[in-house]
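3D model of this:
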Amino acid sequence: MQKFKLGVMVYLSDNIKEELLKVLEFGIETCQLGCWNMDLLTETYAQLVNEAKQETGIEITAFWCGWSGPRVWNFYEGQLTLGLIPETYRYARVEALIKGSKFAKLIDVPYLITHAGFIPENPYDLNYQGVVVALRHVAKALQENNQYLLLETGQETPITLKRLIMDINLPNLGINLDPANLLMYGKANPVDALDVFGEYVKGVHAKDGEYPTDPRYLGKEKPLGQGRVDFPALLKKLYNLGYQGSITIEREISGPEQIRDIKLAIKYLDEVMETL
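Next up, the predicted model:
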């Protein structure tokens, strides 16, 4: 089987060249570029990114666009703070995503990724109807830039995410599959989830984790191969579905332990792909 390209998450900063050089040091070819600070989405920072891309040869496969305002990653406050679901923050976050689209165009990146939030399973919920309208507006803005909007898995069941995409009903919508998120939010087995929405997957995170056991808090993230994600089965199914994008390693810790776990993840994924 042809191997997938491997990547890693990096974040926009004044030191973006150094961040891409670290990707080179890992011996991999791609990254997703993330940003939560909307003040950095300027032509000046786009120029820094473009210079870093040219000097390092690293391909930025997607721009992960955050938004302003509070964000609490649990099952309680998360309902009130994450994504475009909370009406209080919806307008500002729509504007942030459109700003992110313009930035992504400046750095020649075709995919914009974000979390929609805790999408209601009830399609008659007013927040569900509101987010359909909001995301349709965002997706139309991305269409003008020849971009896809990818919704990252996590806070919703696979069928709810598929319903949202179908109800928005635009051709430039897709999914960034984070298999660990599906487990950590208690929403699905990621291998089975591909049977529901596999045709929409345009990006993939390599992250591992456990199901939640405390009703208030997410399950624990784990180093790759130490959680419940069945990566051999997942990668095989992605290949059979015709997925041709990168597998982007995401380890949401910092410091030396993060570097160590990324290196171990690269080794683990290389070994998995050798067996497929």
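
Mind pulling up the pLDDT for the nearest residue to residue 71 once chain neighbours are set aside?
Counting by CB to CB, 6 or more residues apart in numbering, residue 71 lies nearest to residue 81, which is 5.3 Å off, once chain neighbours are set aside. (Glycine included, C-beta is placed from N, CA and C.) Residue 81 is assigned 98 on the pLDDT scale.

so what's residue 81 up against?
Going by CB atoms under 8 Å, 6 or more residues apart in numbering, residue 81 touches 69-72, 89.

Over to residue 206?
With CB under 8 Å, 6+ apart, residue 206 has these contacts: 6, 179, 224, 231, 247-250, 265, 269.

still on that earlier bit, which one of the contacts of residue 81 sits in the busiest neighbourhood?
Of the contacts of residue 81, residue 89 is surrounded by the most neighbours, 21 neighbours in total, counting by other CB atoms under 10 Å.

Residue 69 versus that one, what's the distance?
As judged by CB to CB, to the nearest Å, residue 89 and residue 69 stand 5 Å apart.

Straight-line length of stretch 110-122, end to end?
31 Å (CA to CA, to the nearest Å).

for that stretch, what is the average pLDDT?
Stretch 110-122 carries an average pLDDT of 98.

roughly how far out does that stretch sit from the chain middle?
10 Å (CA atoms, centre = their mean, to the nearest Å).

And stretch 115-126, by the same measure?
19 Å.

What is the burial count for residue 189?
18.

begin at 19 from here
Let's use 19 as the start, then, which means that last one is residue 207.

so it touches residue 200, yeah?
Yes - using CB atoms under 8 Å, residue 207 is in contact with residue 200, at 7.2 Å.

Strands of this structure, start to end?
Ranges of strands in the chain, per DSSP state E, are 24-29, 48-53, 77-83, 129-132, 166-170, 191-195, 219-224, 226-227, 239-240, 265-267.

Let me have these in TSV, extended by distance to residue 255.
Shown next, in TSV, are these (distance: least, CB to CB, whole Å):
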stretch	distance to residue 255
strand 24-29	18
strand 48-53	21
strand 77-83	20
strand 129-132	21
strand 166-170	19
strand 191-195	11
strand 219-224	10
strand 226-227	17
strand 239-240	21
strand 265-267	13
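
which one of these lies closest to residue 185?
Across the strands of the chain, residue 185 has its closest neighbour in strand 191-195 (10.2 Å, CB to CB).

what's the angle from that closest one to strand 48-53?
For strand 191-195 against strand 48-53, the angle between stretch directions is 100 degrees (axes from the mean of the first three to the mean of the last three CA atoms, to 10 degrees).

starting at the chain centroid, how far to strand 191-195?
Distance, stretch centre to chain centre, for strand 191-195: 8 Å (CA atoms, centre = their mean).

List the buried residues for that strand?
191-195 (16 or more other CB atoms under 10 Å).

With stretch 125-133 instead?
Across stretch 125-133, burial judged by 16+ other CB under 10 Å covers 125, 127-133.
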